[in-house]
Structures are given as C-alpha cells and as structure tokens.
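> Curious how this folds, go ahead:
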Amino acid sequence: MKKFIKIAICIALCLLTALTVIGCDDSSNANGTTGLLIKKSGDVYYVKSYSAEKNVKELTVGETDGYTTSTGAKATVTKIGDYAFKNNATLETVIVKDNVTEIGKGAFAGMTSLKKLVLPFAGQKVGAVNDARLVASLFGTTEFDGSLAVTAKADDGATEVTYYIPATLNEIVIDYKGADAYSIPQNAFANLPVSKITVTGNVDKIGQGAFSGTLITEFAMPETVTEIGASAFASCKRLTSVTFGANASDIETIGEKAFYSFKGTEINLPKVKTIGEFAFASESDENLSNLQKVTAVSVDTIEGYAFYNLGDLEINFTATTVASTAFNKTTITQI
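Below is the predicted model:
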C-alpha cells in the first residue's frame, strides 16, 4: 500500500511539473514569425531566440496579434529576451513595435549586418535606470569581429562600461507612441558611432548628455520638447543642423553646454525661457563652434558664457536678462 501511495505521488508530481512547463512554454515557429522562437511566461509572449533565415534582411517584432500559437490562437509579443538575436549575421533592419514594453540586455549583440534599428523607447524599457537606460546596453559587452567599442557611464557616478556596437549600424529611430510624455534618458545615446538618430512622439525632455559625442549630422527636435538637458548635444563633431518645427513648444531651458562646440552655422529657436551657461560656447580654441547666426522668437534669460568664444555672431532676438559674460570673446551684431 505504501509503495502504491509513493508511486501515485510521483505520478502526480510529474503531471504537475508537465502542466507547469506547458503553462509557461507555448512556442513554435508560427505564421508571421519565421525564425523566431516565441516562449510564454505567465501571460507574456516573448522572443527567446532567432534562427537566421536565408535572404531575410528585415524583421518586425511585436505586431498586434502577430504571433500564432500552436493551438491557432493569436497573440502579441510584448518582450524581447536577453541576447535574443545574438550573433545574427543576416538581418539588416529590426523594427520593434510599441507593443513591446521590455527589451533584454544584449538583445542585439553581435549582429554583424545590422544597419537600422527602430525602437519604441531608448534603453531596455521606459523608466529604466543605470545601464539599462542606455541604448548601448542592447548590444552587450562582448567584442566581436566588425564591432566598435563604446564607453558609457552606467549610472550617475563615475562607473563606465564598454559596449560593442556593430560597425554597420548607421541609423536608430525612437518611435515613441505612449500617451504619457517621455524623457530621453540621461546619456541614452552617448558616444554611439551612429550618423542618424530620429526621435518622434510625445517627448518632453532631452536628458543630460543624451546625444553627446555621437556622429549625427542633423537632428529634428520633437515639437513637444520643453527642456534640453545639460550637454545634451555636446561635442557632436559632425552635427551641423538642429531644427525646431513650426509648432514647437516653448523651451523652458537649454541646459549648460547643451550645444557645446556646435558645428552648424545657424540655428533658429522657438521661445526660450533660459539659455544656460556655455550652452552654445566653443569648447576651446582647438574645438571651436561654427555658429554665426542665432534667431529666436524670444529669450528671457541668457546665463554666463552662453555664447563664449564664437568670434562674430549675428543675433536676431532680444533677451530680458543677459549675464555680463554671456558673449565673452564674441562680437555680436543685432539684426
């Protein structure tokens, strides 16, 4: 009798384990997800891995009801797991739809052919902190053939982490569709060797150092932005054009060193409350700004050294309060 009870218990435990696995694993290479291995954890469908498919250059993840389960039911993938696309050598474009709310660390590590990445947010998720807020964290810390090293601060302190980005990557798009206003995180793109970064959607703030040191040549400011953080576009040695749309919001603050050593010759601003210290200044005589003309709807306050060491500068605006050092080593002409 005891033996029978033991056997019954063992069978029950095996059945329970099997049911648990079935409940957390609903995977198949289903219609519309060629090459994707989709897993289920609780109510979440996520990409666990991707098997390279011949001649597939572009892939979209997270389409509404884009996944068909083994039972024929429709489901939406809302997460990409850690290292899901690791070492893929075929995909050139990956588009992550806004249904995806989390992207694992190193999700795109070692993708030697990746040229364009479209994301619904910067970093691993909205509200991410420390290294998870960095776009670079999506590429991992392992060097591979055809990679470029990127060093970024993992937190607000001095800790730095080196990530490895595909040398082929030249475009990143943040296509934010959330209803709540979104801030581009601090240092989100810092030092990424990418020539084109586009940001769309209800973005209200560009965080400190968000695009500093990148290789972007132009940037269209989302019309909803009201604050540009300190050093947001500092030391972008190829940045020659920043444009504000016709319906641009009033800017509360252009932070300290926001456009340090800006390489464009002209910039047109909406209404600005405060232009911070060294905002458009030349970093040094070796790294001069090329700025020659600034037009603004109006400016309330210009802080010290905001337009320092620019040589000759034409300004087409008036400011209510101007620090005595605002235009040091700059000769201004009011037009």
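> rest of the way, CA atoms for contacts and neighbours
OK.
> Can you tell me the SS state at Leu37?
What DSSP: H, G, I helix; E, B strand; the rest coil gives for Leu37 is strand.
> got a pLDDT number for it?
pLDDT recorded at Leu37 is 94.
> and it, how far is that from Ser70?
12 Å (CA to CA, to the nearest Å).
> Same drill for those two, tell me which one is more crowded.
Legend: neighbour count by other CA atoms under 10 Å for Leu37 and Ser70, higher for Leu37 (18 against 13).
> how near is that one to Lys48?
For Leu37, the distance to Lys48 - CA to CA - is 6 Å.
> Excluding sequence neighbours, find me the nearest residue to Lys146.
No Lys there; residue 146 is Gly. Leaving out its chain neighbours, the residue that sits closest to Gly146 by CA to CA, 6 or more residues apart in numbering is Ala167, at 5.7 Å.
> Based on its surroundings, how many neighbours for the one you found?
18.
> quick one: contacts for it?
Thr112, Gly146, Ser147, Leu148 (CA atoms under 8 Å, 6 or more residues apart in numbering).
> pLDDT value on it, please?
pLDDT, Ala167: 97.
> do the same with Asn268
pLDDT, Asn268: 98.
> cool, and Asn170?
On pLDDT, Asn170 comes in at 97.
> show me the contacts for it.
By CA under 8 Å, 6+ apart, the neighbours of Asn170 are Lys115, Lys116, Pro193, Val194, Ser195, Lys196.
> same deal with Thr318?
Under the criterion of CA under 8 Å, 6+ apart, the neighbours of Thr318 are Ser298, Val299.
> low pLDDT regions in the stretch 151-300 of the chain?
154-158 (pLDDT under 70).
> And the strands in it, which stretches?
160-166, 171-175, 182-184, 196-200, 203-206, 218-221, 227-228, 241-244, 251-254, 266-275, 293-302 (DSSP state E, counting those that start in this stretch).
> Most tightly packed of the ones you listed?
Ranked by mean neighbour count under mean count of other CA atoms under 10 Å, the strands of the stretch 151-300 of the chain are led by strand 227-228, which reaches a mean of 24.
> Would you list the strands that that strand pairs with, along with their directions?
Its sheet considered, strand 227-228 pairs with strand 203-206 (parallel), strand 251-254 (parallel) by DSSP bridges.
> outside of it, which residues touch it?
The contact list for strand 227-228, computed with CA under 8 Å, 6+ apart, reads Asp204, Lys205, Ile206, Gly207, Gln208, Ile251, Glu252, Thr253, Ile254, Gly255, Ala258.
> Distance-wise, check the nearest residue to Val194 once chain neighbours are set aside relative to Leu114.
Nearest residue to Val194, sequence neighbours excluded (CA to CA, 6+ apart): Asn170, at 4.7 Å. With distances taken as CA to CA, Asn170 is found 9 Å from Leu114.
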